[in-house]
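# predicted model and sequence below, questions to follow.
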Amino acid sequence: MVQFSTTPGSRPYTTPKGILTSWRYHSKTGADPDGQNVRLELFKPVGEPGRYEAVAESAQKDLTSDTAYEFSERIPVQEGWVLGLNPGSDAAVGITVPVTPSNQMYQFGMDVPVGSTASATGPFADYRVNVSATVEPDADGDGFGDESQDQCPTDATTQGACPDKSAPATRITKRPANRLEKHKAKFKFTAGEPGATFECKLKGHDLDDAIKRFGDCESPRKYTGLDRGKYRFKVRAIDAAGNVDTTPAKGKFRVVG
């Protein structure tokens, strides 16, 4: 997060690339001189030095009798844009203006600490724009600030909590002996996430097709009436978000009795 403040020597105030998430305005008189509303204006340098094009702006903000204001926003900004102010005017995106100390309609952030009186001479010597802003990174490019507006900066499809995309690990905790005299077998298993469900399958001699395909199961999984021969067991966990373990736990045994 980058904080822009009215620190002497930092004029004009330029932005890095990201999302402007809030801005602050300090009015020395307690009310805007051109009506009771104001917009944050953003400019980029164009053409000859000292000329800027208005490229973005906030919604119009109503002012009260206070002197210090802070407004929440969501404005994508590019590196090198300049903070300015558009008091009581219609949308100005696309216009080009000169930078002058007494340009009332499009004053830029000046090197005057908040609450101080401007020292410049001229008709607007006491009217200087005390404006600052907060810009946050936008790693996933979804137009929301990663630190205060986006709980999931790695996924552009959501601004809430990141969706669960990791599958649970499946582990067999108890298995039959490798060689069985009896014609039955039992497996116990668990998952790395609570609340997971399971699917099992068993391949071997003379089994129903349903048993040889993955199907719902619970731990313990018991098999009875098994013929003599080799068998291979697999079990996989599925979490509440529907993520399936792609590396099922495996077990094998042989019925010899």
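Cool, the structure landed.
# helices and strands of this protein: which one has the lowest mean pLDDT?
Sorting the helices and strands of the chain by mean pLDDT, DSSP states H and E puts strand 2-3 at the bottom, at a mean of 32.
# tell me which helix or strand comes right after that one.
Following strand 2-3 in sequence order, the next helix or strand is strand 18-26 (DSSP states H and E).
# now do the buried residues in the helix or strand following that next one.
Proceeding N to C from strand 18-26, the next assigned helix or strand is strand 37-45, under DSSP H and E. For strand 37-45, the neighbour count (16 or more other CB atoms under 10 Å) marks V38, R39, L40, E41, L42, F43, K44, P45 as buried. From N, CA and C alone the C-beta is placed, and that goes for glycine too.
# in the sheet, who's paired with the fourth one?
It refers to E41. E57, G84 (DSSP bridges).
# please report how far it lies from Q78.
Separation of E41 from Q78 (CB to CB, to the nearest Å): 15 Å.
# same deal with the last one?
Spatial separation of P45 from Q78 under the definition CB to CB is 11 Å.
# same question for the second one.
Using CB to CB, one gets 19 Å for the distance from R39 to Q78.
# residues contacting the residue nearest to K230 when sequence neighbours are not counted?
Distance criterion CB to CB, 6 or more residues apart in numbering; nearest residue to K230, sequence neighbours excluded, is R254 at 5.0 Å. By CB atoms under 8 Å, 6 or more residues apart in numbering, the contact list for R254 reads N178, R179, L180, G229, K230, Y231.
# quick one, phi psi at R254?
Backbone torsions of R254, given as degrees, to the nearest 10, read phi -140, psi 130.
# top of the contacts of R254 by neighbour count?
Within the contacts of R254, most neighbours by other CB atoms under 10 Å means Y231, with 20 neighbours.
# list the beta-bridge partners for that one.
Going by DSSP bridges, Y231 forms beta bridges with G204, F253.
# same question, K186
Residues in beta-bridge contact with K186 (DSSP bridges): K222.
# for it, give its distance to E73.
In terms of CB to CB, K186 sits 62 Å off from E73.
# settle it for me: which of those two has more neighbours?
Applying other CB under 10 Å to K186 and E73 shows that E73 carries more neighbours, namely 19 against 13.
# wait, that one touches A56, no?
No - counting by CB atoms under 8 Å, E73 sits too far from A56 to count as a contact (10.0 Å).
# quick one: neighbours of P194, just the number.
P194, neighbours per other CB under 10 Å, totals 9.
# likewise for the one 4 residues further on?
By other CB under 10 Å, 23 other residues sit near F198.
# how about R171?
The number of residues packed near R171 is 14, by other CB under 10 Å.
# what sits against it?
By CB under 8 Å, 6+ apart, R171 lies in contact with F189, T190, A191, G192, A249.
# what stretches of the stretch 51-200 of the chain score poorly on pLDDT?
Scanning the stretch 51-200 of the chain for pLDDT under 70 picks out the ranges 51-52, 86-130.
# show me where it has its strands.
All strands of the stretch 51-200 of the chain, identified by DSSP state E, counting those that start in this stretch, fall at 51-57, 61-62, 68-77, 82-87, 96-98, 130-136, 170-174, 179-180, 184-191, 197-204.
# among those strands, which is nearest T157?
strand 68-77 (17.0 Å; CB to CB).
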